[in-house]
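Asker: Pasting the sequence and the predicted model now:
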Amino acid sequence: MGVLQNPYRGLFLCGSGIDFCGKSSQVLRICNWLRANLADKNIAVLRTKQPTTQRFGRMIRSILGDKQLFAQTDPFDLQELFAKDSRMHCEMEVIPGLEAGHIVCTDRFRESMVYGAEKGNVIELHMLMEMNQQLHRRYWVWPDKVFIFDVPPELAIERGKASGRSFDEMERLDTLARVRENFYIFAREYPEANLHFIDGSRSIEEIFSDVKSELLKLLNANGIKLS
Ligand code: ADP
């Protein structure tokens, strides 16, 4: 029980971490860099995101954007919606891309289930993993590498404010602190989940340079050549 190593031809990458940690900036760089440098131009680089804009993803956003609705929603029910959204994402986008031998790079995947557990609650993490696996049915797959851009929650909130974005109900200092801790615990509980922590408090280019050295190892191990 747990993660399922990617059985498909394509490479599956994920950028993650707490809100405003800088993951989408890095996912964009990963995709652009791969597109510019892959030797085989038949390999497409598919940039994608969870939650999606499909029906369960829209339900999630409406809950996260509404203080009252959020307060009335059982946290596990919310996590079920994330898992159902992910199942559709895997069925419609991720797995078809991987089966075709493409590189799929997602902004968040199921490591983000850690949002649903109390701080350090390993039993809840295990329950969430089990629930995710069951709800995905045969569309269960796991990234070859999950980059966690690790930043103090205070810095994340600062970046969020500076970006001028509105905050949803998960984007609070206490939640981000709990989630940051839970990522570490998740990595310890599921070493096969391929989480790779990178210090995200530096400049975008410094962070990307670390990402690139990990990517080079991964491409090499998978026989993917650069031009
Ligand atoms: P996320 O996808 O995790 O919410 P973003 O990549 O959208 O994060 O970044 C959040 C904000 O912080 C954006 O305004 C972005 O330009 C800025 N940002 C991202 N990475 C860095 C960094 N390393 N240093 C400073 N600002 C950053």
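Answerer: All right, it came through fine.
Asker: so what's the residue minimising distance to the centre of the chain closest to, chain neighbours aside?
Answerer: Taking Cα atoms, centre = their mean as the criterion, Arg108 is the residue nearest the geometric centre of the chain, at 2.0 Å. Counting by Cβ to Cβ, 6 or more residues apart in numbering, Arg108 lies nearest to Gln50, which is 4.4 Å off, once chain neighbours are set aside. Placement of C-beta: from N, CA and C, glycine included.
Asker: which residues touch that neighbour?
Answerer: Gln50 makes contacts with Gly57, Phe82, Asp85, Ser86, His89, Thr106, Asp107, Arg108, Phe109, Arg110, Ser112, as judged by Cβ atoms under 8 Å, 6 or more residues apart in numbering.
Asker: Report pLDDT for Gly101.
Answerer: You'll see Gly101 listed with a pLDDT of 98.
Asker: got the residues of this structure near the ligand?
Answerer: Within reach of the ligand by Cβ under 6 Å from any ligand atom, the chain has these residues: Asp19, Phe20, Cys21, Gly22, Lys23, Ser24, Ser25, Arg159, Ser163, Ser203, Ile204, Ile207.
Asker: Relative to Glu111, how far out is the first one?
Answerer: When you say that, I think you mean Asp19. 14 Å (Cβ to Cβ, to the nearest Å).
Asker: try the last one
Answerer: Note on Ile207: its distance to Glu111, by Cβ to Cβ, is 18 Å.
Asker: Show me where this structure has its strands.
Answerer: Assigned by DSSP state E, the strands in the chain fall at 11-16, 45-49, 103-107, 145-150, 195-199.
Asker: Looking at those, which one is packed in the most?
Answerer: Of all those, strand 11-16 has the most neighbours on average by mean count of other Cβ atoms under 10 Å, namely a mean of 26.
Asker: orientation of that one relative to strand 145-150 in degrees?
Answerer: Computed by axes from the mean of the first three to the mean of the last three Cα atoms, to 10 degrees, the angle separating strand 11-16 from strand 145-150 equals 10 degrees.
Asker: oh, and call the first residue 261 from now on, that's how I've got it
Answerer: Got it, first residue is 261 now, which makes that one strand 271-276.
Asker: List the strands paired with strand 271-276, with their directions.
Answerer: Using DSSP bridges, strand 271-276 pairs in its sheet with strand 363-367 (parallel), strand 405-410 (parallel).
Asker: from the middle of its chain, how far away would it be?
Answerer: Mean C-alpha position of strand 271-276 versus that of the full chain (Cα atoms, centre = their mean, to the nearest Å) differs by 7 Å.
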